[in-house]
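Novice: mind looking at a prediction? Sequence and model below.
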Amino acid sequence: MTLWRSIRGTLAALGVTLKAIFRRPATIPYPEVKRVPAPRYRARIVLTRDPRGGERCVACHLCSAACPVNCISMQAAEGPDGRRYAAWFRINFSRCIFCGLCAEACPTLAIQMTPDYELCRRDPLELVFEKEDLLVEDGGKDRDYDFYRHAGIGVAQARGEGSEEEPPADVRSLLP
Ligand code: SF4
Ligand code: SF4
């Protein structure tokens, strides 16, 4: 009985091996062949631009607050028109766990994940990406989104002229 069980087990294992021999290999010979990940794959992070070509990031620090490993840092600055931007913006990819929380937290769609997984560097210092390395000339996943147009902040247009905004109330008219 025990002998028969052993023979059966061996034959079953051999069957699995034989079946696998005739299957297409699952191994991809990287880097000669590069796998194309799904569009929502979370790898290299970029900073995108709005439809007018301006920087989307308003240096609100929400992404760095959401980051569980504290690998995002920046300094806020303000342009002559009152529009905020990041004077410098840094991501330390040697700590990043590609969780995507920064992109989820961003109200302006500035920070986005891309499927570019080729981020390996021998020197960990080369994994510290500055704003120049992160900023791309594109709107990424939602090219038409313009934070200032939607938020209606009186910087890119007068208050109340945002695409989904009511005109500001006249507070005097509310007084008894
Ligand atoms: S993907 Fe996650 S770990 Fe990486 S920078 Fe964003 S929040 Fe931080
Ligand atoms: S990338 Fe987005 S969340 Fe981060 S500081 Fe800029 S606007 Fe705020």
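Specialist: Looks like it arrived, so ask away. Ligands and ions are numbered 1, 2, ... in the order given.

Novice: start and end of stretch 166-176, how far apart?
Specialist: 22 Å (CA to CA, to the nearest Å).

Novice: pLDDT weak spots in the protein?
Specialist: 1, 152-156 (pLDDT under 70).

Novice: biggest strand in the chain by residues?
Specialist: Longest strand in the chain, counting residues (DSSP state E): strand 84-92.

Novice: packing partners for it?
Specialist: strand 72-78, strand 128-129, helix 131-134 (3 or more CB pairs under 8 Å, 6 or more residues apart in numbering; DSSP states H and E). All C-beta spots, glycine's among them, are computed from the backbone N, C-alpha and C.

Novice: redo that, cut-off 6 Å
Specialist: strand 72-78 (3 or more CB pairs under 6 Å, 6 or more residues apart in numbering; DSSP states H and E).

Novice: could you see whether ligand 1 lies near the strand it packs on?
Specialist: Yes: using CB under 6 Å from any ligand atom, strand 72-78 reaches ligand 1 at residue 72.

Novice: for that strand, enumerate the helices and strands it packs against.
Specialist: Against strand 72-78 (3+ CB pairs under 6 Å, 6+ apart) you get strand 84-92.

Novice: okay, the angle between the strand it packs on and strand 72-78?
Specialist: 160 degrees (axes from the mean of the first three to the mean of the last three CA atoms, to 10 degrees).

Novice: now find how far off-centre strand 84-92 is within its chain.
Specialist: 15 Å (CA atoms, centre = their mean, to the nearest Å).

Novice: in the protein, which spans are helices?
Specialist: Secondary structure of the chain (DSSP state H): helices at 2-21, 62-66, 101-105, 131-134, 147-151, 171-174.
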